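Colleague: Just the structure for this:
(2 chains)
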Amino acid sequence: MEEIFSSLVKDFVDETQPLTQEVGALLLKLEEVWRAGGDGKSLLRGIRSGLHTIKGNGAMMGFAPIERVAHALEDICPRVSDEPPADPAGLVQLLIEGCDLLGALVKSALAGDLPAGRADAFVERAAAAQALDRPAAAVPTGGEAPLPAVSPGAAVPAVADGDGGRGSARIADGDVDELLELAGETIVGQTELLRVQGRFARGQFESGDVALMDRLLVDLGRTTRQMRDKLLRVRLAPIATLFRRFGRYVRDLARERGQPIELDIEGGETAVDRAIISRLFEPLVHLVRNAVAHGIESAEERVAAGKPAGARILLSARLREGRVNVRIADDGRGLDLQAIAAKANAQGIDTSGFSEREMQRLIFRAGLSTAKAVTNLAGRGVGLDVVAGAVQGLGGSIDVRSTRGQGTVFALDLPVTVSLQKALIFGVDSETFAVPAGFILDTMESREKDLQEINRVLLISWRGDFARAVDAGRLLGCQGLAQAWARPYAIVLQAGNNRGALLVDWLSGVQEIVVKPLDETLVACAMVAGATVLAQGRVLPILDCMEVVRRISKALQPERSTEGKAEAAYDVF
Amino acid sequence: MSSDQGNVGTKADGVAAAAEPLLAFADALLSEGQRQPTHTPDEIRQYVTFILRDEEYGIPILQCREIVRVLAVTRVPEAPDHVRGVVNLRGHIVPAVDTRRRFGFEPAPLTARSRLLVVEVAGRLFALIVDRVARVLKVPASDIEPPPEGATLPGATGLARVGEAVVHLMDADQMLRAGAAAAGTTTRGEEA
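Modeller: Model prediction:
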């Protein structure tokens, strides 16, 4: 019963969370339209229908606080037929606050704890605003602010969680049908291959069998590739889902500074892997925050420099040569190269021969990206080296261009999709490797008594059975002296019908990694399938388990020089 | 709601008109570096030179992408002998070539002056590990001599005499192309 309920709650959150975000985005739009003197009728329709759905969803689940807040919002939200409100700014502010509260409530539904008090407080405020008639909708909140203001230093609560793609993805029914059809074709293909294989096994093959097998394999290859492409497309989402979340953030930052800042979005329709969208959020927050905190001058400074007092920030995305170019531009003061040089020199970097570009890129170095180095503004510097690391972790790169007094552009070059894989990270001697989790049967502690050697074949006892084992350091050519018997852990791998264990020094948890291919110079490295970059920028080889298990099944234990003693180092090199 | 969602999207994109100046500015800044290098007169050739042991070698400046301090090199099991591993160059995984080994010299430990000279060959990046980077050399084509008879360095294209110094001029493409095939087999042969 509980399980059913919790899955219902999850569905509710999956469906309602995006709705609150959509309503929030529409409200921001409405604020803009009203400020410009428009009536925003089409927006009002969308807002009201969104609120209505949220109210209905909340009621269906018995989440009274959500239902009540949505209802109160519906009450204060003008109808399309209504006269324009007397105090549009105050009203829209109240609506936005309420919508934020809805988002927070929906989120807390997952935790199973709905703060009814906050909901009641808001309903009261909304009722008060309504009782005083619309002009007074902006009644002061009476000292206790129900929602914390977003500060540039804080973790951006208003936009931090959303449909970034960590959870579930919506798939159109048509796509599911096509995928099922493709899956069906692969099963048919496999069945036919089995039939041919059966004839071969019995020695009764027919004349056309080899050609038939070729054809079946080609078909199978085609359908599986189609399936993969189809699935990759399912993972794509317009990058607007990410960009839109910044509307609110920039608006709040602007309010806080008391200076108008416009956010321009270009190329929101560009389709990008959800995995990238969700991992791009934090780097973008850093960059946008940087632009506002350090790039954009005060209104006075801007006017003195002959610029409009209101600043602009641009988020743009474009597809180019199969990659996505994302740009974050501001029309602020630009990078202060002299300050960067001073900071670099203080760190012992000789910048005398540096070109302007090289100087600008220095801001991506650890310790050089603090606010003081970049601008004269005091303030918290955000580690641009961390941003660069995150972008690199996605298989992308970051660059910066800036013109003093005119602005700064950060340019991110990213793949459209990333190949993500769950992998276990292990260490042997002083090196570190990743093993795709799909090949791992088990991991365990390895004690000397679990190992035995028969005819120079090393075996490890595993679940009442034996598996061939091999010292990972020796197999992978690490420069250490430890040997199989001294390794404290074993990873049991299964690839095809073969099984084998790697004896290693340490294991760390399974994590999601981005798989990158290696240059063809390294094709001969059959045991390595690719590489991944960890958050700290460190590169790890990813093992090709088919090959590794094949090698384990052929490996022979080197002759042991002295009997039994693990300390006896042997020379394998 | 879906139509309203679309509404927001198009409206947001619609403000692009207002964003035009910023967009143009961003474009102009970003395209700056992509301009073709200014035409150099035929008679002057430019090389980035580096030192290995006590000799100076030059690679055409157009093949060089950048020079960086030596980053952590990750060894790749069973890599050819002259490939010390891979490095992370702003998100790109790039083979790190032990240039000493490539030339058949004794490998040497890295020092504070060691650098990665990143070269681009047929669209692929390679990081050459060198003892140190020396200078950008401009040399009149007429001063370049053919490589000495019987020279064995892979990719050697000529010799430049600059004052007292002799600079071995190399072509990164030939140097690495030959490397991929030859070095792998020869070293394996030696081991056997």
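Colleague: now the strands for chain B?
Modeller: In chain B, the segments counted as strands under DSSP state E are B:44-52, B:55-60, B:64-69, B:83-89, B:92-98, B:115-121, B:124-130, B:132-140, B:144-145, B:156-162, B:165-170.
Colleague: Select, out of the ones you listed, the one closest to residue A:176.
Modeller: Counting by CB to CB, residue A:176 lies closest to strand B:92-98 out of the strands of chain B; the figure is 35.7 Å. Placement of C-beta: from N, CA and C, glycine included.
Colleague: and that closest one, what does it pack onto?
Modeller: Here strand B:92-98 touches strand B:83-89, strand B:124-130, going by 3 or more CB pairs under 8 Å, 6 or more residues apart in numbering or on different chains; DSSP states H and E.
Colleague: mind showing which ranges of chain B have poor pLDDT?
Modeller: B:1-21, B:29-42, B:178-192 (pLDDT under 70).
Colleague: domain assignment for it?
Modeller: B:2-34, B:44-191 (automatic domain parsing).
Colleague: Relative to residue A:557, which of those is closest?
Modeller: Among these, the nearest to residue A:557 by CB to CB is domain B:44-191 (19.1 Å).
Colleague: Could you give the number of residues near residue B:146?
Modeller: 10 (other CB atoms under 10 Å in any protein chain shown).
Colleague: show me what contacts it?
Modeller: Counting by CB atoms under 8 Å, 6 or more residues apart in numbering or on different chains, residue B:146 makes contact with B:158, B:159.
Colleague: Can you give me the distance of it to residue B:170?
Modeller: According to CB to CB, to the nearest Å, residue B:146 and residue B:170 sit 13 Å apart.
Colleague: repeat for residue A:335
Modeller: 36 Å.
Colleague: cool, residue A:513 as well?
Modeller: 37 Å.
Colleague: beta partners for residue B:133?
Modeller: Following DSSP bridges, residue B:133 is listed with bridge partners residue B:50.
Colleague: what number of residues lie near it?
Modeller: 18.
Colleague: Test my guess that it contacts residue B:48.
Modeller: Yes: contact criterion CB atoms under 8 Å: residue B:133 and residue B:48 qualify, at 6.8 Å.
Colleague: ok, so what distance separates the most centrally placed residue in chain B from residue B:64?
Modeller: Note on chain B: the residue nearest the mean C-alpha position is residue B:119, at 1.2 Å, using CA atoms, centre = their mean. Using CB to CB, residue B:119 is found at 6 Å from residue B:64.
Colleague: cool, residue A:356 as well?
Modeller: Distance from residue A:356 to residue B:64, by CB to CB: 18 Å.
Colleague: Between these two, point out the one with more neighbours.
Modeller: It is residue B:64, of residue A:356 and residue B:64, that has more neighbours when counted by other CB under 10 Å, with 20 against 13.
Colleague: Enumerate every residue touching that one.
Modeller: With contacts defined as CB under 8 Å, 6+ apart, residue B:64 is in contact with B:48, B:117, B:118, B:119, B:120, B:172.
Colleague: what's the closest non-adjacent residue to residue A:226?
Modeller: Using CB to CB, 6 or more residues apart in numbering or on different chains and skipping residues adjacent in sequence, the residue nearest residue A:226 is residue A:182, 5.6 Å away.
Colleague: and the stretch 151-300 of chain A, which residues reach chain B?
Modeller: A:238, A:240, A:243, A:244, A:247, A:262, A:264, A:265, A:266, A:267, A:268, A:269 (CB under 8 Å from any CB of the partner chain).
Colleague: State the pLDDT value of the fourth one.
Modeller: It stands for residue A:244. pLDDT for residue A:244: 88.
Colleague: Tally up the residues packed near it, please.
Modeller: Number of residues near residue A:244 (other CB under 10 Å) recorded here: 26.
Colleague: separation between it and residue A:411?
Modeller: Distance from residue A:244 to residue A:411, by CB to CB: 21 Å.
Colleague: Contacts for stretch A:40-53, please.
Modeller: By CB under 8 Å, 6+ apart, stretch A:40-53 touches A:19-20, A:22-23, A:26-27, A:29-30, A:33-34, A:70, A:73-74, A:77-80, A:95, B:1, B:3-4, B:7.
Colleague: Mind doing that once more with 7 Å?
Modeller: By CB atoms under 7 Å, 6 or more residues apart in numbering or on different chains, the residues outside stretch A:40-53 that reach it are A:19, A:22-23, A:26-27, A:29-30, A:33-34, A:70, A:73-74, A:77-78, A:80, B:1, B:4, B:7.
Colleague: what's the closest non-adjacent residue to residue A:15?
Modeller: Per CB to CB, 6+ apart, closest to residue A:15 is residue A:57, 6.6 Å.
Colleague: residues in contact with that neighbour?
Modeller: A:12, A:15, A:16.
Colleague: Using ChimeraX, make a named selection holding only the buried ones among those residues.
Modeller: To isolate the buried subset of the contacts of residue A:57 in ChimeraX, counting by 16 or more other CB atoms under 10 Å in any protein chain shown, use the following:
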select /A:12,16
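Colleague: Need the contacts of residue A:57 in a markdown table (columns: pLDDT and secondary structure).
Modeller: Converted to a markdown table, those look like this (pLDDT from 0 to 100; DSSP: H, G, I helix; E, B strand; the rest coil):
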| residue | pLDDT | secondary structure |
| --- | --- | --- |
| A:12 | 83 | helix |
| A:15 | 82 | helix |
| A:16 | 87 | helix |
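Colleague: Give me the next element, helix or strand, following the helix-or-strand element of chain A with minimal mean pLDDT.
Modeller: When the helices and strands of chain A are scored by mean pLDDT, DSSP states H and E, helix A:157-160 comes last with a mean of 34. Remark: after helix A:157-160, the chain's next helix or strand is helix A:173-202, criterion DSSP states H and E.
Colleague: mind checking which helix or strand the residue nearest to residue A:15 is in?
Modeller: Assessed by DSSP H and E, residue A:57 sits inside helix A:41-61.
Colleague: buried stuff in that helix?
Modeller: For helix A:41-61, by 16+ other CB under 10 Å, it's A:42-51, A:53-55, A:57-58, A:61.
Colleague: do stretch A:178-190 as well
Modeller: Under the neighbour-count criterion of 16+ other CB under 10 Å, stretch A:178-190 has A:179, A:182, A:185, A:186, A:189 buried.
Colleague: Pick the most deeply packed of the domains of chain B.
Modeller: domain B:44-191 (a mean of 17; mean count of other CB atoms under 10 Å in any protein chain shown).
Colleague: Run the chain-centre distance for that domain.
Modeller: Computed by CA atoms, centre = their mean, to the nearest Å, the chain-centroid distance of domain B:44-191 equals 8 Å.
Colleague: Check which helix or strand residue A:30 maps to.
Modeller: Going by DSSP H and E, residue A:30 is in helix A:2-35.
Colleague: tell me the angle of that helix relative to helix A:41-61?
Modeller: Here the directions of helix A:2-35 and helix A:41-61 differ by 160 degrees (axes from the mean of the first three to the mean of the last three CA atoms, to 10 degrees).
Colleague: Packing partners of helix A:2-35?
Modeller: Judged by 3 or more CB pairs under 7 Å, 6 or more residues apart in numbering or on different chains; DSSP states H and E, helix A:2-35 is in contact with helix A:41-61, helix A:88-111, helix A:245-257, helix B:2-14.
Colleague: For residue A:170, which of the ones you listed is the nearest?
Modeller: Here helix B:2-14 is closest among those (CB to CB), at 11.2 Å.
Colleague: Look at residue A:445 and say how many residues are nearby.
Modeller: Residue A:445: 9 surrounding residues under other CB under 10 Å.
Colleague: Go ahead and confirm it touches residue A:487.
Modeller: No: between residue A:445 and residue A:487 there is no contact under CB atoms under 7 Å: 10.0 Å.
Colleague: Tell me the residue of the stretch 51-200 of chain A that sits nearest chain B?
Modeller: Residue nearest to chain B within the stretch 51-200 of chain A: residue A:53 (7.0 Å; CB to the nearest CB).
Colleague: how near is that residue to residue A:60?
Modeller: 10 Å.
Colleague: contacting residues around residue A:259?
Modeller: Contacts of residue A:259 by CB under 7 Å, 6+ apart are A:298, A:299, A:309, A:311.
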